[in-house]
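**Student:** What follows is a predicted structure for the sequence shown.
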Amino acid sequence: MRNKLSFSFIALLVVVLLGGVTGTTAAQSSGQAATFVGYYMDTFCGAAGKGADGSDVVNSPEDHTKMCIVACKAGGFGLSVKSGDAYAYYPFDKAGSDISIKEVLNKSKRDNGFLISVDGVLKDGVITVRSIKEANVF
Amino acid sequence: MSRLGGILAIGLLLAGFTANTALAADQQPFRALLWSDGEGGPLNHALEAGLEDFTQASGGRYPVSVEWVAPEKSEAWLAELKAAGTPPDVYMTSAADLKRHVATGEAYALDGELAKDRNWQERFPAPLLSLLSVGGKTYALPITQTVAVVYYNTEIFRKNGLSAPSTYVDLKKVVQVLNRNGITPIAFGNREGWEGALLSQLIETRLGGGQLFEKAQGGTGDWMDPSFLAAGRVLAELVRLKAFPKGFDEMSNDQAVSYFKQGRAGMLVSRDRLFVSLNFSSSAVRNKVALAPFPTFENGDSNAWVGSPDFNLVVSEQSKAKEAALEFLKTYSTSELQGHFAGHAFVPVTGVEIEKNQLVPLLFSLLELQSNMTRFFLFYNEVLPAGAGRAYEETIRSILTGVDPAAAFQRLQGGWMALGD
């Protein structure tokens, strides 16, 4: 079981490190449906490029805490996706933010490091969400 | 207004609060002077969330005009506004500066209002509220707090068969075991001087109940109090036991924190808001830190904490909008707003319930520990005038570098008496 989980995690890491970047770029230019993997983030901190909890959301979005994400919920949510050496932030559409509350904030037991997988369309810098699931496997 | 030009004044940031044009001719906006850490800063963001909540809850009955000011410039600006006959309805101040506002009759006593709403009053721990009382009356309500705690590396403690020291005897054993195993017991630096003074105050508070500084400052006590001397001896003993890193006198607080984050020390005594950063992915102690109150001493007070109420809101005595002002204060003690401040790594103060899974574990742990708090004492540098604070810091520094505690405090007492003459 543990080996299976580890394998899944490694597979997700590969997606984060490779697929996340290329997928984003392709989808951004075409507006086609794609799967994006990255760290769940609130728009206030993601757009500012610094976490209000003191975390470095550009280089280490995995440090951003749930308590900060909850505190900043009024501005909506999105995804920090690996882009070169750092992470770029893409907000969700309003419906996507609502889905993320249900599927991530309300379900996850984590304090930080919400690795999530998002099916949707990236157009004009905004991800129109179809579905979201937490990608953390341990 | 040009005289205020140098002062950080973002002012009327939110569109919702600039709608004063919609007011009736005889209706004045409710005015608040709030501290700012810059646009987009965590303090600003949490305060702005409160402004939105206040506006929504009041249904727009109290249009708000906000002036933002950097904390260090707040008192000067406030003095200007008061001199111009235009004091704000609500403003922020420190516990130390509050006494001056009360003495000049500028602060409104809140006891009557708190008594009318017990639910509101009970949100504030009484020991913390007592720091904002003058002559038995409460003149300000805090939004958050700063508090000194001991962080310890659970992995180091576990590997060495240790548990968090709850007494000084335990602490000495921890120091000896860690030293024997080549681990620095306490990450500590005293380059600025305040770090040692804080450590000393924590010990004195445990030994003497914490009102030593007020007594020394007020003339009802002195620097030769047995608790000061005993604390000095404890510090000297900790140096002798090699509790601190080599060269601690030249190590800054930031370096000490970094030393702990690198996993090189068993403990860290700090007043910094490290609840989040200790668990950053770059930290070697990620998920290996717990916190505890400072160890106690035989016959000492184990429930006393040292810190400061922060972002204290005061209602102006001259305010003609006290109803709005009180509602404004209430807004910042709600569960939601306290959670917002906690989300930005500030330590909440109110007795409201915040869901455990919405707080990082270290912050939740602190709030649990504080639920038994019976007394809370202000940081020494908020009790003592600046000059006396520095003299105290130098006294502690001299003890940490080998001067006999009795001689060091005798010298401080002598200087103090000469100052009084």
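**Tutor:** Alright, I've got the coordinates.
**Student:** Pop out the phi and psi values for B:E393.
**Tutor:** phi -60, psi -40 (degrees, to the nearest 10).
**Student:** residues contacting it?
**Tutor:** By CB atoms under 8 Å, 6 or more residues apart in numbering or on different chains, B:E393 lies in contact with B:G193, B:W194, B:G196, B:A197. For every residue, glycine as well, the C-beta is placed using N, CA and C.
**Student:** Now with 6 Å, please.
**Tutor:** Shown in contact with B:E393 (CB atoms under 6 Å, 6 or more residues apart in numbering or on different chains): B:G193, B:W194, B:A197.
**Student:** Tell me the backbone dihedrals of B:V149, please.
**Tutor:** phi -140, psi 170.
**Student:** Just give the number of residues close to it.
**Tutor:** 26 (other CB atoms under 10 Å in any protein chain shown).
**Student:** For the contacts of B:E393, which single residue is the most surrounded?
**Tutor:** Counting by other CB under 10 Å, top hit in those: B:A197 with 23 neighbours.
**Student:** Can you verify my assumption that that residue contacts B:I396?
**Tutor:** Yes: here B:A197 reaches B:I396: they are 5.0 Å apart, a contact under CB atoms under 6 Å.
**Student:** how far away is B:T350 from B:L141?
**Tutor:** From B:T350 across to B:L141, the span is 9 Å (CB to CB, to the nearest Å).
**Student:** Neighbour count: the two, which is higher?
**Tutor:** Looking at B:T350 and B:L141 with other CB under 10 Å, you find the greater number of neighbours at B:L141, namely 28 against 24.
**Student:** ok, which residues in chain A are in contact with chain B?
**Tutor:** A:48, A:52-54, A:60, A:62-63, A:65, A:67-68, A:70-71, A:111 (CB under 6 Å from any CB of the partner chain).
**Student:** Any of these buried? List them.
**Tutor:** Buried by 16 or more other CB atoms under 10 Å in any protein chain shown: A:48, A:52-54, A:60, A:62-63, A:65, A:67-68, A:70-71, A:111, out of these.
**Student:** Just the ones of those in strands?
**Tutor:** Using DSSP state E, no member of these sits in strands.
**Student:** quick check, nearest of the residues you listed to A:Y90?
**Tutor:** Using CB to CB, A:A48 is the member of these that lies nearest A:Y90, at 14.5 Å.
**Student:** Going by distance to B:M373, which of the residues of chain A next to chain B wins?
**Tutor:** A:M67 (21.8 Å).
**Student:** can you pull the contacts of the closest residue to chain B within chain A?
**Tutor:** As assessed by CB to the nearest CB, chain B sits closest to A:A71 within chain A, at 2.6 Å. For A:A71, the contacting residues are B:H340, B:G343, by CB under 6 Å, 6+ apart.
**Student:** Repeat that for B:K330.
**Tutor:** Here B:K330 is in contact with B:W120 (CB under 6 Å, 6+ apart).
**Student:** rewinding a little: put together TSV for the contacts of B:E393, with secondary structure and pLDDT on each row.
**Tutor:** Below are those laid out as TSV (DSSP: H, G, I helix; E, B strand; the rest coil; pLDDT from 0 to 100):
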residue	secondary structure	pLDDT
B:G193	coil	97
B:W194	helix	97
B:A197	helix	97
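**Student:** can you list those residues in a markdown table and add distance to B:M251?
**Tutor:** Formatted as a markdown table, these follow (distance: CB to CB, whole Å):
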| residue | distance to B:M251 |
| --- | --- |
| B:G193 | 12 |
| B:W194 | 13 |
| B:A197 | 15 |
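**Student:** Closest one to chain A out of the residues you listed, please.
**Tutor:** So of the contacts of B:E393, ranked by how close each gets to chain A (CB to the nearest CB), first place is B:W194, at 21.3 Å.
**Student:** Now that closest one. Nearest residue, chain neighbours left out?
**Tutor:** B:E393 (5.9 Å; CB to CB, 6 or more residues apart in numbering or on different chains).
**Student:** Using the three-state scheme, assign B:L128.
**Tutor:** Using DSSP: H, G, I helix; E, B strand; the rest coil, the secondary structure recorded for B:L128 is helix.
**Student:** With A:L122 instead?
**Tutor:** Here A:L122 is recorded as strand under three-state DSSP.
**Student:** What's the local residue count around it?
**Tutor:** Residues near A:L122, counting by other CB under 10 Å: 25.
**Student:** partners of it in the sheet?
**Tutor:** A:I127 (DSSP bridges).
**Student:** So what does B:F379 have for phi and psi?
**Tutor:** According to degrees, to the nearest 10, B:F379 has phi -50, psi 140.
**Student:** nope, B:M267 is what I was after
**Tutor:** Dihedral angles (degrees, to the nearest 10) for B:M267: phi -140, psi 160.
**Student:** I figured it hits B:T184, correct?
**Tutor:** No: using CB under 6 Å, B:M267 is not in contact with B:T184; the gap is 9.1 Å.
**Student:** Look at these two and report which has more neighbours.
**Tutor:** With neighbours defined as other CB under 10 Å, B:M267 and B:T184 compare such that B:M267 has more, 27 against 22.
**Student:** Could you check how far that one is from chain A?
**Tutor:** 22 Å (CB to the nearest CB, to the nearest Å).
**Student:** Roughly how far does that residue sit from B:G136?
**Tutor:** Taken as CB to CB, the span from B:M267 to B:G136 is 39 Å.
**Student:** just B:M224 next, same as before
**Tutor:** 30 Å.
**Student:** Look at the two and report which has more neighbours.
**Tutor:** B:M224 (13 against 8).
**Student:** residue contacts, the more buried one?
**Tutor:** Contacts of B:M224 (CB under 6 Å, 6+ apart): B:F409, B:Q413.
**Student:** and the gap between it and B:L212?
**Tutor:** 11 Å.
**Student:** same question, B:P309
**Tutor:** 20 Å.
**Student:** Could you list the single helix or strand in chain A with the lowest mean pLDDT?
**Tutor:** In chain A, no helix or strand scores lower on mean pLDDT, DSSP states H and E than helix A:2-14, which sits at a mean of 44.
**Student:** Now name the helix or strand holding the nearest residue to A:G120 once chain neighbours are set aside.
**Tutor:** Of all residues not flanking A:G120 in the chain, A:V129 sits nearest, at 4.4 Å (CB to CB, 6+ apart). Using DSSP states H and E, A:V129 falls within strand A:126-134.
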